[in-house]
Structure formats: C-alpha cells, structure tokens
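**Student:** the amino acid sequence is not available; the structure is as follows:
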C-alpha cells in the first residue's frame, strides 16, 4: 500500500490495469497533491479483492461515472473513509 507519502502527487494511472496479480490496494494518509478520479481499469482487475482509501489529504477524489465491476471480478470490499470524494457512488 501507499501510506504517509506526503510528496505523492497526481492520480493513479490507467496503467494500473497491468498489475494483474494485485489482490489488495491500500492508500492511507497521502499528501495534498494526490487525488483525482480513480481509474476505471482498477475495477476491472480480476484478482483485486479489497480497495481501502482513507484519510488522504488530496481533493477532487471521484469514481468514474461509468465504472463497472466485471462479472469475473472478485472485489469484496471498497472502503472510502474520510477522503474528499465528490460525485456519485455507484449502487452496483
């Protein structure tokens, strides 16, 4: 996971889809220049079970408006705690 990285800037890249064996992702207490829209490709990772995003200082966090969790996805838990998220959380 990425934790206590105050110099981290930008957003997660779409190329995260290349991390096909990723099963858990944690982003906690990262800096004020880190944020933005989570890549749609993140939700298509077939082995990803847990996404935990908490207490990040960046602004403008959002989920892609057309995000779909694939039928073969194993995503069990999406924790979005004390971040500056805006927009709509899908019902899935």
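**Tutor:** Arrived safely, thanks for sending. It should be emphasised that the depicted structure is a prediction, and the values quoted were computed from it without experimental measurement.
**Student:** low-scoring pLDDT stretches of the protein, where are they?
**Tutor:** 68-73, 90-92 (pLDDT under 70).
**Student:** grab the nearest non-local neighbour of the spatially most central residue of it.
**Tutor:** Geometric centre of the chain, nearest residue: residue 38, 4.9 Å, by C-alpha atoms, centre = their mean. Excluding the flanking residues, the one nearest residue 38 by C-beta to C-beta, 6 or more residues apart in numbering is residue 63, at 5.7 Å. Just so you know, the C-beta spots here come from the backbone N, C-alpha and C atoms, and that holds for glycine as well.
**Student:** repeat for residue 47
**Tutor:** residue 23 (4.9 Å).
**Student:** tell me who's in contact with that neighbour.
**Tutor:** By C-beta atoms under 8 Å, 6 or more residues apart in numbering, the contact set of residue 23 is 47-50, 74.
**Student:** if I look at it, how far off is residue 60?
**Tutor:** Applying C-beta to C-beta, to the nearest Å, the value for residue 23 to residue 60 is 27 Å.
**Student:** same question for residue 75.
**Tutor:** From residue 75 to residue 60 the distance is 23 Å (C-beta to C-beta).
**Student:** of these two, who's got more company?
**Tutor:** residue 75 (18 against 12; other C-beta atoms under 10 Å).
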